[in-house]
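**Q** this one's structure only:
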């Protein structure tokens, strides 16, 4: 790109937070108006337009496809200006302000302009206002998230449904989207599942019956009804082959929605910035009774509950020690479909192959004792190779003792860092006071410029010193951790004969097991933690 050519990427964003209370679009925030505003600004300032990037219905935090495309183009130096209506259209996240506007863009020689709020990285002294804008935008998003959460919680406590899709067996009432009506074709399947369990059929037997009768899975059924639904549990293979899963049956048999109760708030987001959720204990669920017509008679529901509890007790007493998780639990995966390998007696097998009766994948069976032998052999080789590569054990012992000195050095540098950061904050506060004194007319323009230049120079020195010290601390921590890891290898796991859970956690991230070939060769891939 020619250095004397000003070429801009125009970025527009619209999200649900830009809708007014009646759900109508606020025209001042519309995509079309944003485009027109930015094109007019570019034309007036003789700026060539590289491309218009648009994210429609995305928040200022979550993954945005057009935004990501623009960042990739920026790294290829395809433009040297980013134009947005306001800084909040670019991002409401203070971390992203620092990462891109104050970090990446200056390195790439890219100027950022917020047309309406006068944000311009080309203007000296504009950084503080950008940071203040960033904080205000983030506070706005946090407050908005809290308000929305409060409104939704109030609705849930009234027994009003707030989700996107009704549970299998129900449909949303066309007259009131917060209420359920029975969806008879799916409700018949739900009744069948409860009846089969009462007749003595197990989970897997029920899934076999439903699959063999070619009854669509809940996901398939929703798609047949025209809903753009994706299985949140990631069981795309099961849905593709029309195979019912054990967990689907289990969750239906315990779901109080089928006796007319509204059950919500089973999980929550970890942060307003993230889509990641965590499950809540049952004591924190919001359960409102008798909100809609039941599909299952409560008497049948509680008979099933009593039967499930009795079956669980029988399984626990019969299995005894076999019920305990094996030492590699959750660490062994199928090499082909990436499903977990589940334990059955003295073998591990692909969970997905088992659920789909080998329709979606093959069994990948491996004996647990053989897998243990393979792992022990490789760990012993790993430890012996490390020892052989070192000059002698005395040297290693000395290195391990050195970590105590490194720890003391880290503590000393962290203390220095704390003092530097305090001084840095004092300068920032002094600058803020200086701005206020200038606005109030307490100091003259010339005095302000002189004092600010001194403060800025001092601030820059502290920032450099803090950055340098943080790098030194990180380097020392890495060195200390490395020596600690060596100590674990030598002192805890030398000349291994039995594989333990502690050993597996220390050494192994996860293991992939392949399918046996014609001559019984089987690939085992170990992904190490070290």
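**A** Structure received. Fair warning: this is a prediction, and the values are worked out from it, not measured in the lab.
**Q** Report the secondary structure element holding the nearest residue to residue 332 once chain neighbours are set aside.
**A** Residue nearest to residue 332 in three dimensions, not counting chain neighbours: residue 341, with 4.1 Å by CB to CB, 6 or more residues apart in numbering. (Glycine included, C-beta is placed from N, CA and C.) Following DSSP states H and E, one finds residue 341 within strand 341-344.
**Q** other SSEs contacting that strand?
**A** Other elements packing on strand 341-344 under the criterion 3 or more CB pairs under 8 Å, 6 or more residues apart in numbering; DSSP states H and E are strand 332-334, strand 347-350, helix 351-355.
**Q** in the first one, what's buried?
**A** Which is strand 332-334. Residues 332-334 are the ones in strand 332-334 that count as buried (16 or more other CB atoms under 10 Å).
**Q** for stretch 442-462, what is the average pLDDT?
**A** Averaged over stretch 442-462, pLDDT sits at 71.
**Q** For the residue nearest to residue 332, give the beta-bridge partners.
**A** residue 350 (DSSP bridges).
**Q** right, and it touches residue 354 too?
**A** No: in this structure residue 341 lies outside contact range of residue 354 using CB atoms under 8 Å: 9.7 Å.
**Q** Between the two, which is the more surrounded one?
**A** Regarding residue 341 and residue 354, a neighbour count based on other CB atoms under 10 Å identifies residue 341 as having more, with 30 against 17.
**Q** what's the burial count for residue 159?
**A** Other residues within reach of residue 159, judged by other CB under 10 Å, total 18.
**Q** List the beta-bridge partners for residue 113.
**A** Counting by DSSP bridges, residue 113 forms beta bridges with residue 83, residue 120.
**Q** for it, what are its contacts?
**A** 41, 81-84, 119-122 (CB atoms under 8 Å, 6 or more residues apart in numbering).
**Q** switch to 7 Å and redo it
**A** When contacts are counted by CB atoms under 7 Å, 6 or more residues apart in numbering, residue 113 touches 81, 83, 119-120.
**Q** Between the residues you listed, which sits nearest residue 259?
**A** When the contacts of residue 113 are ranked by distance to residue 259 (CB to CB), residue 119 comes first, at 55.6 Å.
**Q** So which helix or strand of this protein has the lowest pLDDT on average?
**A** Ranking every helix and strand in the chain by mean pLDDT, DSSP states H and E puts helix 236-241 at the bottom, with a mean of 59.
**Q** Show me this structure divided up by domain.
**A** Taking automatic domain parsing as the domain assignment, the record places the domains of the chain at 7-149, 170-320, 388-499.
**Q** which of those domains has the lowest average pLDDT?
**A** Looking at the domains of the chain, the lowest mean pLDDT belongs to domain 388-499 (a mean of 65).
**Q** ok, which stretches of the stretch 1-150 of the chain are strands?
**A** Listed in chain order, the strands of the stretch 1-150 of the chain (DSSP state E, counting those that start in this stretch) span 7-14, 48-56, 81-84, 111-114, 119-120.
**Q** For residue 116, give me its contacts.
**A** 85-86.
**Q** any idea how far it lies from residue 77?
**A** To residue 77, residue 116 is 27 Å away according to CB to CB, to the nearest Å.
**Q** Next: residue 187.
**A** As for residue 187, its distance to residue 77 is 59 Å (criterion: CB to CB).
**Q** okay, those two: which has more neighbours?
**A** Taking neighbours as other CB under 10 Å, residue 187 and residue 77 compare with residue 187 leading, 19 against 12.
**Q** Check which helices and strands the helix or strand the more buried one falls within is in contact with.
**A** Assigned by DSSP H and E, residue 187 falls within helix 184-198. With contacts taken as 3 or more CB pairs under 7 Å, 6 or more residues apart in numbering; DSSP states H and E, helix 184-198 sits against helix 203-212, helix 246-254, helix 298-319.
**Q** Among those helices, which comes closest to residue 348?
**A** helix 298-319 (16.6 Å).
**Q** right, and the helix or strand after the strand or helix carrying residue 447?
**A** Residue 447 is part of helix 445-492 when elements are defined by DSSP H and E. Counting by DSSP H and E, the next helix or strand C-terminal to helix 445-492 is helix 501-507.
**Q** so what's the backbone phi/psi at residue 263?
**A** The main-chain torsion angles of residue 263 are listed as degrees, to the nearest 10 and equal phi -120, psi 120.
**Q** That one against residue 284, yeah?
**A** No: in this structure, residue 263 sits apart from residue 284 without contact. The criterion is CB atoms under 7 Å, and the distance is 11.7 Å.
**Q** Looking at those two, which is more packed in?
**A** residue 263 (18 against 11).
**Q** what is that one paired to in the beta sheet?
**A** As for beta bridges, residue 263 partners with residue 287 under DSSP bridges.
**Q** And it, how close does it get to residue 292?
**A** Taking CB to CB as the criterion, residue 263 is separated from residue 292 by 12 Å.
**Q** do residue 511 as well
**A** Relative to residue 292, residue 511 is positioned 47 Å away (criterion: CB to CB).
**Q** now swap in residue 515 and tell me
**A** Here the criterion is CB to CB. By it, residue 515 lies 47 Å from residue 292.
**Q** got it, and residue 113?
**A** Where residue 292 is concerned, residue 113 sits at a distance of 53 Å (CB to CB).
**Q** just residue 32 next, same as before
**A** Using CB to CB, one obtains 41 Å as the distance from residue 32 to residue 292.
**Q** Also residue 332?
**A** Taking CB to CB as the measure, residue 332 falls 43 Å from residue 292.
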